[in-house]
Structure formats: C-alpha cells, structure tokens
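Visitor: All I have is the shape, not the residue letters:
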C-alpha cells in the first residue's frame, strides 16, 4: 500500500489548485492510474486542502509519483512538495486524514464524508481491490471510534465556520451585512447555516445551476440569482464567500472594480474557499478589498487547534491501535492466501476426476477399474506441480524448499530430496533424520 499527496501543510494554494480534481474528472483519472505499470488498485482523494492517491503497487509508488508530478505539464517542481507513505505509514495517514487530525481545522467533520466519497467513486470505477476496500472500511470504523471515544469531534469546526468567524471579526458586522454566496455545495451550505445563526441581514446565493441556488436559498431564507447575472448583484455584497468546483476563476478583477465603484468604495470582504481558487488573485490588488483564501484561515483557527490537542492525542492513540490491528489482518490474509489457492486446486482436481469417473460408471465400466482410474488421476493432478518443483529443488540445491518439503511431506519429503544418497547407494536409517 502506498499514498502520495500534496496538502495545505506542504504546499500553498497556488500549487494545490493545479493538482486538484473535480468529481467529474476523478473516474478518468483513476482509469489513467490503473493503466500504469505496477498499479493494481487505486483511489483518489481531492479536496480544497489536499490531493492524494492511494494505491496498491508493485514498484514502490514511483509510477504514481511520475503520474501526479507532471499533471498538468510543466510542474516538475511539484515533486518537492509531495509526501509519500508506505505500508503501515500509509494506513496511519489515511486514518489521521479521515479523523480530521491532518486537517487545516483540527477535527473538522467534513473530511470523513469526503473520504467516503473517494471510496465510493473508486468502487464505482472498479479501481478498488480487496486491500484498499478493506483499508477504507477499517478507516470508517476507526474515525467513528476516535470521534465517539474522544472529544476530537466535540463542537465541530469546519473551514466554512472558520470563514464566518473571520467575517465576524472583520470590519463588517454580519447583522448589518449583505452576504453573497457563490456555489451550492457542502461548504456553501455550511456557511449559510453559520451566517443564519449569526443573524445575517441578507443572503444572496449565486450558482451556475439556478435550481440548486434556489434550493439552498429557500432553506436559509435567502435569494437565488443566476451566476451569469452576478454583476447586477455584486455591488450589494459586503461579504462574498465562494466555494465552487469550477476549474478557473468565477470572479475577476474588473467585476470587483465595477462593484467597488457602485459601492463608492465601501470595503468588501472576499472569502475564497475553493481549490482551484474562484477569485482571481489580482483582485487583492484593488483598494478597499480584503481577499482571504483557505490558507489565510490558518491564523483564525489556531485557538481551535490548541483547545483540541488533548483530544487529538487520545485519537492518535486509538489510531495506533487500529493501525496495528489492520496490519495484522493483512498479514493473516497473506498467510491464508496460499492455503485457499491449494484448496481451490484440490477441489478443482476432485470435481474433474469425479465427473470423469461417474461418466465411466454410467458407461458400464468395471467399478474397480473406475476406482483405480479415480485414484490415479487425482494423485497425478495433486502431485504434478509439487513433484516438478521438488525435482528442480534437488537439482539446484534449494535448501529452503527442501526444508519446506520435509514439513509438508514428513514421510517422503527427505527421500525425494536426497540425490547424493541415491548416488552413493546409502539408505536412511529408520527413525533417523535423513538430513543429517
């Protein structure tokens, strides 16, 4: 198992937005990943704070690193911002991500839903195998236990709530402000709830799909507007909060400049919670505009991080126990796999031999001859592959396989692997360990 990623701790938003995937592009990305040599299973998690690929690989993860680093082209410097985890480290990382311990807002609850979405998308795309599927299932159990058994999930804080808190601490009073929300996803939904709780004066909701904007606005007492008519309403907004899945900017410098002129340069607070960013960074150069991105929220949530450290330490302890249990389950599964293969081989040989024997009986052949055929056929089928392997081991002096044969076939294994004694005409003494 291998995880490769880039997040808010390792890279700025200007870099993260260039490796972000929308929900529509993830299935194709998974197909591309699975097409790489050495990649047997794959899942992709892409949020405003991180892009990570989870894989089961045969090449130490190098194919995945080469795939992510040049996507899109011209981003070789991205390699320096990537982190890599393998084996138990990869398991621990996903557990910490899903529990909110690796989030910008410590313990934030949204990430678990995003991890579940990544699992469901990979499952639907057919890129999950037994190992990753088992890992994600164990992850959900671990995250639930960490939130239930500790206070890491108490008084949950999200990026949306941190943004509203930042707005409350700014020059704009929520009770006297018109707030324009751009988008209609989970982040905007959460922001709307917090704004209503803060008694926002007026709420406008703009979205490319007007019906979605209308649904959200109706739930929170707001007014929906088409995104292509946003210029008509932008000048009314004291606060703009944007979080869409657009691949490029939805709000540009000239639009904000026009809105400022309409407002006679009364200040505007712009909160861009999207990755890739929704608001052109050039907007920050305008006078009377205060533009914040998800990275800027770090300062406003530091108090939350300190208050949750004790709960986080308890959650980390739970995660360590669960990592150990999951790795033990993987090891146990790897040990039973050869047994399952051997059993399947034996069952197939039995069914085939029985079918032929029954046909011979149905044709009136002598029962004793049929029993002889059955025993001979079944013995040959079961011992063919081991016999070839043991003969090869005798020729090449494969001591490890010889020792395994002694354990698997204690009555005959030593004799099979004693070419030297055969050459010398020696016979093993009964009860004596012939290996000596």
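Guide: That came through, no problem. Since the model is a prediction, treat every value here as computed from it, not as a measurement.
Visitor: Can you tell me which helices and strands the helix or strand where residue 93 lies packs against?
Guide: Of the helices and strands defined by DSSP states H and E, residue 93 is found in helix 88-99. On a contact count with 3 or more Cβ pairs under 8 Å, 6 or more residues apart in numbering; DSSP states H and E, helix 88-99 meets strand 2-7, strand 50-57, helix 110-125, helix 130-149, helix 309-362. Backbone N, C-alpha and C define where each C-beta goes, glycine included.
Visitor: Now do the longest one: which elements does it pack against?
Guide: Here helix 309-362 is seen to pack against helix 88-99, helix 130-149, helix 367-396 when contacts are counted using 3+ Cβ pairs under 8 Å, 6+ apart.
Visitor: Now do the buried residues in the second one.
Guide: For helix 130-149, the buried set under the neighbour-count rule, 16 or more other Cβ atoms under 10 Å, comprises 131, 132, 135, 136, 138, 139, 142, 143, 145, 146, 147.
Visitor: Just after it, pick out the following helix or strand.
Guide: Heading C-terminal from helix 130-149, the first helix or strand you meet, by DSSP H and E, is helix 159-168.
Visitor: any low-confidence regions in the stretch 201-350 of the chain?
Guide: Scanning the stretch 201-350 of the chain for pLDDT under 70 picks out 299-308, 334-339.
Visitor: Now do the helices in it.
Guide: Ranges of helices in the stretch 201-350 of the chain, per DSSP state H, counting those that start in this stretch, are 210-220, 231-234, 253-262, 297-300, 302-307, 309-362.
Visitor: and the angle from the longest one to helix 88-99?
Guide: The directions of helix 309-362 and helix 88-99 differ by 120 degrees, with axes from the mean of the first three to the mean of the last three Cα atoms, to 10 degrees as the criterion.
Visitor: How about the secondary structure of residue 37?
Guide: Under DSSP: H, G, I helix; E, B strand; the rest coil, residue 37 falls in the coil class.
Visitor: was I right about it contacting residue 62?
Guide: No - Residue 37 is beyond contact range of residue 62, at 10.0 Å (criterion: Cβ atoms under 8 Å).
Visitor: who has more neighbours, these two?
Guide: The residue with more neighbours, out of residue 37 and residue 62, is residue 62; 15 against 9, by other Cβ atoms under 10 Å.
Visitor: Nearest spatial neighbour of the more buried one, chain-adjacent residues omitted?
Guide: residue 38 (8.0 Å; Cβ to Cβ, 6 or more residues apart in numbering).
Visitor: Just give me the neighbour total for that neighbour.
Guide: 14.
Visitor: Pretty sure it sits against residue 59.
Guide: Yes - assessed by Cβ under 8 Å, residue 38 is found in contact with residue 59 at 3.6 Å.
Visitor: Make JSON lines out of the helices of the stretch 201-350 of the chain and add mean neighbour count and distance to residue 408.
Guide: Shown next, in JSON lines, are the helices of the stretch 201-350 of the chain (neighbours: other Cβ atoms under 10 Å; distance: least, Cβ to Cβ, whole Å):
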{"stretch": "helix 210-220", "mean neighbour count": "17", "distance to residue 408": "64"}
{"stretch": "helix 231-234", "mean neighbour count": "16", "distance to residue 408": "77"}
{"stretch": "helix 253-262", "mean neighbour count": "16", "distance to residue 408": "75"}
{"stretch": "helix 297-300", "mean neighbour count": "16", "distance to residue 408": "60"}
{"stretch": "helix 302-307", "mean neighbour count": "13", "distance to residue 408": "57"}
{"stretch": "helix 309-362", "mean neighbour count": "14", "distance to residue 408": "10"}
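Visitor: Residue 186: which of these is closest?
Guide: helix 210-220 (10.7 Å; Cβ to Cβ).
Visitor: Once you drop chain neighbours, what's closest to residue 369?
Guide: In this structure, residue 369 finds its nearest non-sequential neighbour in residue 360, 7.9 Å apart by Cβ to Cβ, 6+ apart.
Visitor: Return the residues in contact with the one you found.
Guide: Counting by Cβ atoms under 8 Å, 6 or more residues apart in numbering, residue 360 touches 369, 370, 373.
Visitor: likewise residue 367?
Guide: So residue 367 contacts residue 361 (Cβ under 8 Å, 6+ apart).
Visitor: Please identify the buried residues of stretch 363-374?
Guide: Residues of stretch 363-374 classed as buried: 370, 373, 374 (neighbour count, 16+ other Cβ under 10 Å).
Visitor: and the angle from the helix holding residue 93 to helix 110-125?
Guide: Relative orientation of helix 88-99 versus helix 110-125 (the same axes, to 10 degrees): 120 degrees.
Visitor: For residue 212, find the nearest of the helices and strands packed on helix 88-99.
Guide: Residue 212 lies closest, by Cβ to Cβ, to one member of the helices and strands packed on helix 88-99: helix 110-125, at 17.7 Å.
Visitor: that older thread, could you dump the buried residues of stretch 363-374 into CSV with pLDDT added?
Guide: Listed next are the buried residues of stretch 363-374 as CSV, based on pLDDT from 0 to 100:
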residue, pLDDT
370, 85
373, 88
374, 87
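Visitor: Kindly reformat the residues you listed as CSV containing distance to residue 227.
Guide: As requested, the buried residues of stretch 363-374 are arranged in CSV below (distance: Cβ to Cβ, whole Å):
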residue, distance to residue 227
370, 79
373, 78
374, 75
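Visitor: Among those, which one lies nearest to residue 346?
Guide: residue 374 (14.2 Å).
Visitor: So for the closest one, what's the nearest residue that isn't a sequence neighbour?
Guide: With sequence-adjacent residues excluded and distances taken as Cβ to Cβ, 6+ apart, residue 374 is closest to residue 357, at 4.4 Å.
Visitor: What residues does that neighbour make contact with?
Guide: Going by Cβ under 8 Å, 6+ apart, the list of residues near residue 357 reads 370, 371, 373, 374, 377.
Visitor: do you know how far it is from residue 364?
Guide: Relative to residue 364, residue 357 is positioned 13 Å away (Cβ to Cβ, to the nearest Å).
Visitor: got it, and residue 109?
Guide: Taking Cβ to Cβ, one finds residue 109 at 74 Å from residue 364.
Visitor: what do you get for residue 146?
Guide: Counting by Cβ to Cβ, the separation of residue 146 from residue 364 is 70 Å.
Visitor: which regions of the stretch 1-150 of the chain lie under the pLDDT threshold?
Guide: 60-61, 69-79.
Visitor: at 50 instead, please
Guide: Scanning the stretch 1-150 of the chain for pLDDT under 50 picks out 72-75.
Visitor: out of the buried residues of stretch 363-374, who's nearest residue 275?
Guide: The closest of those to residue 275 turns out to be residue 374 (Cβ to Cβ; 66.8 Å).
Visitor: Contact partners for the closest one?
Guide: For residue 374, the contacting residues are 353, 354, 356, 357, by Cβ under 8 Å, 6+ apart.
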